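Peer 1: Sequence first, predicted coordinates after that:
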Amino acid sequence: MSAPRFFVVERCAAGARIALSAGDAHHAFSVLRLRDGDEIVIVSAGTAWNATIAKDGKGRAHAIVAGARDERGGELPVEVTVLQALVKGTKFDDVVEKVVELGARRIVPVRCERSYAQAGEAKLARWRRIARAAAAQSRRRFLPTVDQPTSLSDAVQAVGGSLLVAYENAEAGTFDPAVERARQSPSIAIAVGPEGGFSSAEIDAARAAGAAFVSLGPSILRTETAAAAMLAALAATAGWW
């Protein structure tokens, strides 16, 4: 069984004593039942470190850093952002978990004209907890971010690299050439609309931002399925897997 993994913001060095968050301390001692001296892995700024855990008299947890780990893999070679339309219920939870497992570095919840789901601070905090847990489980070396919800037009304007939009009216065979053009970009964003699809105004905004509209196959996927399917297809087509 591999050592539990925790993310920290502090820069690490051999011999350092790094405080873990209260949530991580609870997870370590109450859920995982770790004890003083047990081995853990901490991750900071893309580097994983071997460490042991220690508890102080107030129940706070610290990592005693031993040294850097020789870890390879765990991250896609290109930063991938997922622009995902908001969906009702807990479906967005599943989107966050799966795209983090598949290597997404950033998730942007998108308010669309045809999506009626709400996203307050409580939901955002939950999505960030889910992203953290999924990143630890899948041995990521970066903690993916979950942004504040925004409109599609604002989201696509903020994309710095290539943008691929899943579109039910895109012609068959559009995915592979779009990936080929995008794979050399320092970053790629993929966009998935709501259950009712993007509006014409949203399509125009994405087109104005230079998006490539791509088909995900002959069937119509649920919005909570499409992002994971698209990210997996992107990684396989680009040769990252």
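Peer 2: Arrived safely, thanks for sending.
Peer 1: Tell me which residues of the helix or strand Ala236 falls within come out buried.
Peer 2: Following DSSP states H and E, one finds Ala236 within helix 223-237. In terms of neighbour count (16 or more other Cβ atoms under 10 Å), helix 223-237 has its buried residues at 223-231, 233-235, 237. All C-beta spots, glycine's among them, are computed from the backbone N, C-alpha and C.
Peer 1: repeat for stretch 156-165
Peer 2: Val156, Val159, Ser162, Leu163, Leu164, Val165.
Peer 1: which outside residues touch the longest helix along the chain?
Peer 2: Longest helix in the chain, counting residues (DSSP state H): helix 121-137. If you take Cβ atoms under 8 Å, 6 or more residues apart in numbering as the criterion, helix 121-137 is touched by 4-7, 23, 92-93, 96-98, 100-101, 107, 109, 142-146, 148-149.
Peer 1: can you give me the helices in the chain?
Peer 2: Going by DSSP H, the chain shows helices at 22-26, 91-101, 121-137, 152-157, 175-182, 200-208, 223-237.
Peer 1: average pLDDT for stretch 140-149?
Peer 2: Over the span of stretch 140-149, the pLDDT mean works out to 93.
Peer 1: Endpoint to endpoint, that stretch covers what distance?
Peer 2: Using Cα to Cα, to the nearest Å, the end-to-end distance of stretch 140-149 comes to 24 Å.
Peer 1: how far is it from where the chain is centred?
Peer 2: Taking Cα atoms, centre = their mean, to the nearest Å, one finds stretch 140-149 lying 5 Å from the centre of the chain it belongs to.
Peer 1: which residues are contacting it?
Peer 2: With contacts defined as Cβ under 8 Å, 6+ apart, stretch 140-149 is touched by 7, 43, 46-48, 71, 74-75, 86, 96, 100, 103-111, 119, 124, 127-128, 131-132, 135.
Peer 1: Quick check: which ranges of the chain have low pLDDT?
Peer 2: 1, 73 (pLDDT under 70).
Peer 1: and if we set it to 80?
Peer 2: Scanning the chain for pLDDT under 80 picks out 1, 57-59, 72-74, 116-118, 160-161.
Peer 1: Where does the record place the domain boundaries for it?
Peer 2: With domains defined by automatic domain parsing, the chain comprises 5-68, 79-237.
Peer 1: Can you tell me which of those domains is packed in deepest?
Peer 2: Sort those by mean neighbour count, taking mean count of other Cβ atoms under 10 Å, and domain 79-237 sits at the top with a mean of 18.
Peer 1: Next, the distance between the ends of that one.
Peer 2: Across domain 79-237, first to last residue, Cα to Cα, it's 16 Å.
Peer 1: quick one: furthest residue from the center of the chain?
Peer 2: Gly57 (35.2 Å; Cα atoms, centre = their mean).
Peer 1: roughly how far is stretch 125-143 from the heart of the chain?
Peer 2: 8 Å.
Peer 1: circling back to that earlier point, any chance of the helices of the chain in JSON lines, plus distance to Thr81?
Peer 2: Shown next, in JSON lines, are the helices of the chain (distance: least, Cβ to Cβ, whole Å):
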{"stretch": "helix 22-26", "distance to Thr81": "25"}
{"stretch": "helix 91-101", "distance to Thr81": "10"}
{"stretch": "helix 121-137", "distance to Thr81": "13"}
{"stretch": "helix 152-157", "distance to Thr81": "9"}
{"stretch": "helix 175-182", "distance to Thr81": "12"}
{"stretch": "helix 200-208", "distance to Thr81": "14"}
{"stretch": "helix 223-237", "distance to Thr81": "10"}
